[in-house]
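K.L.:
Okay, predicted coordinates and the sequence, questions at the end:
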Amino acid sequence: MPKPRIGIYGLTSCAGDQLTILNCEDEILEIASRVDIKSFCLAQTGNEETKLDIALVEGTVSTQKDLERLREIRGRASILVAMGTCACWGGMYTMRNDISRTELLKGVYGENGDKYFDSLPAQPLKNFVKVDLPITGCPIEKKWFLRIFKAFLHGDIIEVPNFSLCSECKLKENECLLVNRGIFCLGPITLAGCKARCPSHNIPCIGCHGPVDEANYAAEVNILLDKEYTLEEIKRKMGFFVFNPDIKQRQ
Ligand code: SF4
Ligand code: SF4
């Protein structure tokens, strides 16, 4: 049976998800022996633009070039995986989508900045093409990447966490930073998968995994207001990753 043809790509991003794959040091040779890696610019030369069984794409669509590249990859891939929080949700690149690109380009590159650079408001892949599977995380969790990759190769059902980070935090019997100590923690509205890495080290969750399905933003905001955070601060911190609920002042 031919090996599945794989392509690994990055749009506007830090390349952290591709590096996570390269950091699978104990497994990378086994992975490479099971698939036919047609394209992985970060890791190899001689890449081919060809039909793919699976394309893994990290990063946001932040330029016209990103958009064209994404559509081109989607056109030749049977399965497209959005890899990382930016690809799945837009990530921190979306923080300044409230300001026009022209204004931002001029602010960063000077008066003619908007003439020299191609820039779009940052958006996740799903806003433009069909995404078959999201693997969230900033960067992706190595454990989940390997588990999902194995499931693909074996044709197994793929299961990913769909519950909030607080569940993992409780299983580790951590003291709650938010409720007990009044520290700004986004665990209740964040997708699990990291085993509550930050709260387990006494550091509040900033939501790098993106939102859990049906996140209860109102309850999170009410707890934070009770802890005497201002609405402005709540909006700013929730906007750091991808939490942009229409927060209204409590009556
Ligand atoms: S510390 Fe954060 S993640 Fe842990 S239970 Fe409290 S709110 Fe949830
Ligand atoms: S605890 Fe929160 S911020 Fe820390 S790695 Fe997990 S999801 Fe990301």
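P.N.:
Sure thing, it's come through. Ligands and ions are numbered 1, 2, ... in the order given.
K.L.:
only C-alpha atoms for contact and neighbour calcs from this point on.
P.N.:
Noted.
K.L.:
Tell me which helix or strand Leu29 sits in.
P.N.:
For Leu29, the element it lies in under DSSP states H and E is helix 28-34.
K.L.:
okay, the next helix or strand after that helix in CSV with CA atoms only?
P.N.:
Next along the chain after helix 28-34, taking DSSP H and E as the criterion, comes strand 36-40. The C-alpha trace of strand 36-40 is given here as CSV (Å, rounded to 0.1, in the frame of the first residue of the first chain):
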residue,chain,number,x,y,z
ASP,A,36,5.8,10.2,2.3
ILE,A,37,6.6,13.8,3.2
LYS,A,38,6.2,15.8,0.0
SER,A,39,6.6,19.2,1.5
PHE,A,40,8.0,20.5,4.8
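K.L.:
just how off-centre is strand 36-40 within its chain?
P.N.:
Relative to its chain's centre, strand 36-40 lies at 22 Å (Cα atoms, centre = their mean, to the nearest Å).
K.L.:
Now do the helix or strand that that strand is followed by: which elements does it pack against?
P.N.:
Using DSSP H and E, the helix or strand that follows strand 36-40 in sequence is strand 52-58. Packing partners of strand 52-58 (3 or more Cα pairs under 8 Å, 6 or more residues apart in numbering; DSSP states H and E): strand 5-10, helix 64-76, strand 77-83, helix 85-89.
K.L.:
7 Å instead?
P.N.:
strand 5-10, strand 77-83 (3 or more Cα pairs under 7 Å, 6 or more residues apart in numbering; DSSP states H and E).
K.L.:
Partner strands of it and their direction?
P.N.:
strand 5-10 (parallel), strand 77-83 (parallel) (DSSP bridges).
K.L.:
Show the contacting residues for the nearest residue to Lys51 once chain neighbours are set aside.
P.N.:
Leaving out its chain neighbours, the residue that sits closest to Lys51 by Cα to Cα, 6 or more residues apart in numbering is Arg76, at 4.8 Å. By Cα atoms under 7 Å, 6 or more residues apart in numbering, the contact list for Arg76 reads 50-52.
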